[in-house]
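predicted coordinates and the sequence they were generated for:
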Number of protein chains: 2
Amino acid sequence: MKIALAQINPTVGDIDGNADTIMLRVREAAEAGANVVLLPELAVTGYPPKDLLLKKSFVSANLTAVDRIASDTGDIVAVVGYAARTGSGAGKGLLNAAAVCTGGRVVATHAKVLLPTYDVFDELRYFDASPEVGVSTLNIGGRPVTIGFTICEDLWSDDEYFARRLYERDPVADLRAAGAELIVNIGASPFSVGKPARRNRLFGEEARQAGVPVVSVNQVGGNDDLVFDGTSAAFDASGTLVARARQFAEDLLIVDLDAGGNRVEPVLDDIASVHDALVLGTRDYVVKCGFDGVVVGVSGGIDSAVTAAIAVEAIGKERVHLVAMPSRYSSEHSLTDARALADALGVAMRTISIEDMHAAAERTLQPHFSHRAPDITEENLQARARGAILMALSNKFGWLLLTTGNKSEMAVGYCTLYGDMCGGLAVLSDVPKTVVYRVAEHINKRVDGEIVPEGTLTKPPSAELREDQTDQDSLPPYDVLDDILERYVEREQSVAEIVSAGWDERTVRDVVRKVDGNEYKRKQAPIGLKVTSRAFGSGRRMPIAARYPS
Amino acid sequence: MKIALAQINPTVGDIDGNADTIMLRVREAAEAGANVVLLPELAVTGYPPKDLLLKKSFVSANLTAVDRIASDTGDIVAVVGYAARTGSGAGKGLLNAAAVCTGGRVVATHAKVLLPTYDVFDELRYFDASPEVGVSTLNIGGRPVTIGFTICEDLWSDDEYFARRLYERDPVADLRAAGAELIVNIGASPFSVGKPARRNRLFGEEARQAGVPVVSVNQVGGNDDLVFDGTSAAFDASGTLVARARQFAEDLLIVDLDAGGNRVEPVLDDIASVHDALVLGTRDYVVKCGFDGVVVGVSGGIDSAVTAAIAVEAIGKERVHLVAMPSRYSSEHSLTDARALADALGVAMRTISIEDMHAAAERTLQPHFSHRAPDITEENLQARARGAILMALSNKFGWLLLTTGNKSEMAVGYCTLYGDMCGGLAVLSDVPKTVVYRVAEHINKRVDGEIVPEGTLTKPPSAELREDQTDQDSLPPYDVLDDILERYVEREQSVAEIVSAGWDERTVRDVVRKVDGNEYKRKQAPIGLKVTSRAFGSGRRMPIAARYPS
């Protein structure tokens, strides 16, 4: 039996466009001799469709598209993710479903049992859980085969990542009991560091336990904050990986379950996968929003250098516009490093001094400052002048402004709201500062040269908003900070737990206080590309007018 | 039997402070002769605690607080909302629970069956559903009484608002079957227009159907975007309302279920309730965040006038700071109207011209605009200069900047990101423009005079960002716009449905296109106070890099 994994990149809400892509892939799979072709979870709507699912007209359009897709199938069996109506007068009235299409019609529908409602997932907001997993016995290449259908989370009930079983149900055990000879999984499982390998490991283990092959397809592409890595894969009945599709790219992988000899693409290491996720997430945000180009403010520092380099890889140097905005506090090497970056990327850089706007803001405001000493206010004026310049270029030329701040800064609020936080997409806002450096080294290694300048990599990080400022005037060293942040934000450790890991209590309390006290800034932050297990944004929902436990 | 409804205003996360308040109210209720005292849902943590519930240390602190509260009870039965651990190794491991405390200890725990996961509610993200509603037979005034315990949504299974039954289960029927002689409900039900009356109606109907009294307590106060109206109430076995607590204020209402003659506070009309919700929401955001004062940019227009008036009612005129920021396009009457408002409120107003900053921005940017014609870019420069001025005052003096934009503007993107959208709390961002006018009239009527100046009420609305501009250059009349928006945003109607209601198709398509195209702005908007059935913000989760159905 040959199964095609159609690892497509749908656009959320673009039902007609997604259906066209699906029909194209189904035809290609049939031409390649596949008996079955798998499309991702909610392939018709794109994942996650969010509150579009609350629009009756949207759900109706998605049902019409499924009929159109089914009508175009011949002998091949196409398994397509869509939103099905329950027909019940109670509950949410929708199912996260797989349509089994063959011979011109939908011959069966199976729906998701385990609906993830944690982190970035809100599936119980939209869907009723199916009471049972489904099997269908289909004529495959002349013989009846009983296939068990699972949708994404249905295969994750044994996930090692959580300290507890999230679900009482184990759909795989049910499928085994129902006589499944093969388990398919259609998914939309977003990337975070280490997750592709973990997903492969878990699915292999499910195949081994069930004693039948598991064949899975995953969505690929960026949709707002989420980047889907693809990495669709097949496992034999012993749990051994026998085929794997590309990462961070569309693919149509034909898996021969009998003959073997299938294509097995490699899994990238952590830093390479972060890099590729950022490039894909940036490209898809730009393309799916319909922007012609992007603009990046470059300071000579590491964050803007990496953001600019990723933008060039994502959409090409012709569509990337760099702006240096020196002030009276900018050092000579900042402009030199920014220029070296632009030259290495082959992108023209314009230089716009903020001095005139900065001085005007000081003249306007100082009479109203009641002779108070200079403080963060004066620093923010500079960041906001830069924000206004970049937004004016964005408005005038229709370029998307990319925000350059990293996760460490966002965590402790070392950034200016309406200043350097301006922009439509924050490329690095889930990348800790220490990882930004490693991504920069990876970027240079890829070209076996210097895109991110040596000076940028080696000088002490500074916001340059006053004389001789460095980040470490206000923050612990980044390796310390990032470890504390990883424990506090990603692992939800308490102060006591972090201190017992060996960090100084005063430092820990100071970092935690800064994280808690900056929810208001992050509430208004641009969308950021999620690459860790817990990003700020839709997967971390914190109150603002609140007290936090110590 | 006497039941006390302790309608408290907890702060989210302030477990010790909330526990102190709860213990105080329990003592007051006992002193007033109550047999039972009801505290709201999750009273110990404040509602909604959001992802604080994912912190083990937070849940532990909440359990410790419940023990402390219970240890202080004497004969009185205190019913207290908190987060309970299930003790199971599967699922979320938490219950949204009521502790029944008496005689110094917790004698029973009952948990919520129906967990709302729609609009602003995410309860299935945190909690496991209790498999059954609970009854306890308690010694009340010398005789055993079987009480049925429900938590908020458990009484909402018959809500008329949704077109379908949201739940298969009907906890009230189960309680009746279990022999409940009285049903209590502890809730945290946020305000929207018409909801207090609907809640009273629904609970009365539940009492009538069950044939037993229903006694309910609701949280009061603002927590970020949500304002809880209180309106706690009791109903006899025929469904008749016999007692009602205050709206938008703390209260301790003692209900005598036998003797009657209880206090019944009135329910405010729609506009008065919106006004009071905005005042309470603003006050609590300022107080719970710990700000000394607020700053408001006043333009002479209706939105900033109403925002300023609400701020003064919320926290007193001494703590409200008004700033007029005229430009070359400001009309004479704008400054006159702004000054009249400040005088009527008794607040000093400072005037800061944006001309110097505006001119500097033009000088800086025009060489980079490639001789393109003036467009929205030049208008945004002015809004962003004002935003920078207000934020500088906020930074320098620690004042919260209140954002003044209304829901109609936010819907169609008639506002500048990082300009007039700057601020920590958007007081009116869920109030349609037509309702803003009615709230203004209400404000004037309350003082039987003129706080919002006549000129502000009667002149055509204008952003004054170019010569002779009015809002209706770009938008349909506000009564038309607001009806279309209500259908599209609150009721999820399609273009076809809105057109069939009598509106011009081109107008409808233009409005819908603007709503869909401005998700990116709203993603970065400040928190706004929810007063309609569907606010932008946590209750409306839309994709950005997406296509929308037409």
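On my side now, so go ahead.

low-confidence regions, the stretch 351-500 of chain A specifically.
For the stretch 351-500 of chain A, not a single residue meets the criterion pLDDT under 70.

which parts of it sit against chain B?
Applying Cβ under 8 Å from any Cβ of the partner chain, we find that the stretch 351-500 of chain A lies next to chain B at A:352-354, A:356-357, A:359-361, A:363-365, A:368-369, A:372, A:375-377, A:380-381, A:384-385, A:387-389, A:391-393, A:395-396, A:417-418, A:422, A:424, A:492, A:494, A:496. From N, CA and C alone the C-beta is placed, and that goes for glycine too.

low-confidence ranges, chain A, go.
Residue ranges of chain A with pLDDT under 70: A:160-163, A:550.

tell me how far the top helix by length along chain A lies from the chain's centre.
Criterion DSSP state H: the longest helix present in chain A is helix A:376-397. From the chain centre to the centre of helix A:376-397 is a distance of 27 Å (Cα atoms, centre = their mean, to the nearest Å).

for that helix, packing partners?
Helices and strands touching helix A:376-397, by 3 or more Cβ pairs under 8 Å, 6 or more residues apart in numbering or on different chains; DSSP states H and E, are strand A:293-297, strand A:320-324, helix A:355-365, strand A:399-403, helix B:355-365, helix B:376-397.

start to end distance for stretch A:483-500?
Using Cα to Cα, to the nearest Å, the span of stretch A:483-500 from its first residue to its last is 13 Å.

show me what counts as buried in that stretch.
Neighbour counts over stretch A:483-500 (16 or more other Cβ atoms under 10 Å in any protein chain shown) mark A:483-490, A:492-495, A:498-499 as buried.

buried among the residues of the stretch 351-500 of chain A next to chain B? Need that as a selection in PyMOL.
A single PyMOL command selects the buried members of these (16+ other Cβ under 10 Å):
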select buried, chain A and resi 352+353+354+356+357+360+361+364+365+369+377+380+381+384+385+387+388+389+391+392+393+395+396+417+418+422+424+492+494
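
one step back: need the helices and strands packed on helix A:376-397 in CSV with distance to A:I76, can you?
Below are the helices and strands packed on helix A:376-397 laid out as CSV (distance: least, Cβ to Cβ, whole Å):
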stretch, distance to A:I76
strand A:293-297, 40
strand A:320-324, 42
helix A:355-365, 62
strand A:399-403, 40
helix B:355-365, 57
helix B:376-397, 50
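
is A:R283 in a helix, a strand, or coil?
When classified by DSSP: H, G, I helix; E, B strand; the rest coil, A:R283 comes out as helix.

with adjacent residues omitted, what lies nearest to it?
Distance criterion Cβ to Cβ, 6 or more residues apart in numbering or on different chains; nearest residue to A:R283, sequence neighbours excluded, is A:A314 at 3.9 Å.

next up, the contacts around the one you found.
A:279-280, A:282-283, A:286 (Cβ atoms under 8 Å, 6 or more residues apart in numbering or on different chains).

would you verify that it is located in a helix?
Yes - residue state for A:A314 (three-state DSSP) corresponds to a helix.

what separation do you get for it and chain B?
Distance from A:A314 to chain B, counting by Cβ to the nearest Cβ, to the nearest Å: 13 Å.

show me the domain layout of chain A.
The record assigns chain A these domain ranges, following automatic domain parsing: A:2-259, A:274-471+A:520-528.

could I get these in JSON lines, plus columns for distance to B:S304?
Listed next are the domains of chain A as JSON lines, based on distance: least, Cβ to Cβ, whole Å:
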{"stretch": "domain A:2-259", "distance to B:S304": "31"}
{"stretch": "domain A:274-471+A:520-528", "distance to B:S304": "18"}
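
which of the ones you listed sits closest to B:L175?
Closest of those to B:L175 is domain A:2-259, at 19.6 Å (criterion: Cβ to Cβ).

now do the same end-to-end measure for the closest one.
End-to-end distance for domain A:2-259, by Cα to Cα: 9 Å.

thinking again about what came up before, what's the farthest-apart pair in the buried residues of stretch A:483-500?
The span of the buried residues of stretch A:483-500, defined through Cβ to Cβ, is set by A:E490 and A:V499 at 17.3 Å.

SS state for A:G222?
At A:G222, secondary structure determined by three-state DSSP is strand.

pull the contacting residues for it.
Counting by Cβ under 8 Å, 6+ apart, A:G222 touches A:228, A:280-285, A:288, A:529, B:545.

ok, now A:T507?
A:476, A:480, A:484.

Serialize those residues to JSON lines and add fields for secondary structure.
Formatted as JSON lines, the contacts of A:T507 follow (three-state DSSP):
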{"residue": "A:P476", "secondary structure": "coil"}
{"residue": "A:V480", "secondary structure": "helix"}
{"residue": "A:I484", "secondary structure": "helix"}
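
wait, which of these is closest to chain B?
In terms of Cβ to the nearest Cβ, no member of these lies closer to chain B than A:I484, at 15.3 Å.

and A:M23, its phi and psi?
For A:M23, the backbone dihedrals (degrees, to the nearest 10) come out as phi -60, psi -40.

burial count for it?
A:M23 is flanked by 19 other residues according to other Cβ atoms under 10 Å in any protein chain shown.

check contacts around the closest residue in space to it that isn't next to it in sequence.
Computed as Cβ to Cβ, 6+ apart, the closest residue to A:M23 that is not its neighbour in sequence is A:D72, at 5.1 Å. Residues near A:D72 by Cβ under 8 Å, 6+ apart: A:23, A:26-27, A:104.

distance check, A:D72 against B:D14.
Counting by Cβ to Cβ, to the nearest Å, the gap from A:D72 to B:D14 is 59 Å.
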